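1. Quick one, what's the 3D model for this:
(chains A and B)
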Amino acid sequence: QKEVEQNSGPLSVPEGAIASLNCTYSDRGSQSFFWYRQYSGKSPELIMSIYSNGDKEDGRFTAQLNKASQYVSLLIRDSQPSDSATYLCAVNAYIWNFGNEKLTFGTGTRLTIIP
Amino acid sequence: EAGVTQFPSHSVIEKGQTVTLRCDPISGHDNLYWYRRVMGKEIKFLLHFVKESKQDESGMPNNRFLAERTGGTYSTLKVQPAELEDSGVYFCASSQYGQRGEKLFFGSGTQLSVL
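-> Numbering: from 1, shown residues only, chains lettered A, B, ... in the order given. Next up, the predicted model:
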């Protein structure tokens, strides 16, 4: 079993709709959860972080965490063509990192927004 | 402010040769990380520097890989001798000491191809 699992996609969503990306993790002790966006040939860019159960909203992005189910998701509202990218889920055992960002990544989900 | 810079962006070498990858972190960032993504797999942690000291090198695959960070500024990752399975994208990331994981910045990576 992979430590962090994501559906590789590709996931196609019409422009303006909600894109839903999912991630499960195996280490029940995980404390920090991140979503990175990566455009082709570019660096991964952090777009959301979440540490507590529930929802965290930032603009069009909402991260959802359920530690009991070991599940984290990312919702993108009003999807735009510029949201087309690979989305990487990453997990860390530490909640206050003080320089310990040893992240465990999933393989990523490729998202395509259809105009 | 300049981001994390990696050089070269691409490297093609033959099996048995030596390659050195370089990473310049964001100025003032004490933490420097190396990650690697091999084809079709997830991004995996290699090692972590705090300034010039190796904090965690548990992800280094074998002794053909040598990472250095002299003076606590830029870092190099040498592969000697390179093998076919070393092909992949090598990412460098940096963060400021004492900051949470959300401040982890990635470079664009070096695409290494071993033929």
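2. Nearest residue to the middle of chain B?
-> A centroid search over chain B (Cα atoms, centre = their mean) returns B:W34, at 3.3 Å, as the residue closest to the centre.
3. Quick check: the gap between that one and chain A.
-> 11 Å (Cβ to the nearest Cβ, to the nearest Å). Placement of C-beta: from N, CA and C, glycine included.
4. Which helix or strand contains that residue?
-> If you go by DSSP states H and E, B:W34 is part of strand B:31-37.
5. re the thing from before, name the nearest residue to the residue nearest to the centre of chain B, sequence neighbours excluded.
-> Residue nearest to B:W34 in three dimensions, not counting chain neighbours: B:L46, with 4.1 Å by Cβ to Cβ, 6 or more residues apart in numbering or on different chains.
6. near chain A, which residues of chain B show up?
-> B:3-4, B:30-31, B:33, B:35, B:40-45, B:48, B:50, B:55-56, B:59, B:91, B:93, B:95, B:97-102, B:104-109 (Cβ under 8 Å from any Cβ of the partner chain).
7. where are the low-confidence patches of chain B?
-> The model of chain B has pLDDT under 70 over residues B:1, B:97-102.
8. Which strands and helices lie in contact with the helix or strand that the strand holding B:W34 is followed by?
-> Using DSSP H and E, the helix or strand that follows strand B:31-37 in sequence is strand B:43-50. With contacts taken as 3 or more Cβ pairs under 8 Å, 6 or more residues apart in numbering or on different chains; DSSP states H and E, strand B:43-50 sits against strand A:104-105, strand B:31-37, strand B:53-56, strand B:65-68.
9. hmm, 7 Å instead?
-> strand B:31-37, strand B:53-56 (3 or more Cβ pairs under 7 Å, 6 or more residues apart in numbering or on different chains; DSSP states H and E).
10. Is it possible to get a markdown table of these that adds distance to A:V4?
-> Output for the helices and strands packed on strand B:43-50, formatted as a markdown table (distance: least, Cβ to Cβ, whole Å):
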| stretch | distance to A:V4 |
| --- | --- |
| strand B:31-37 | 13 |
| strand B:53-56 | 19 |
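11. Deepest-packed of those strands, please.
-> strand B:31-37 (a mean of 25; mean count of other Cβ atoms under 10 Å in any protein chain shown).
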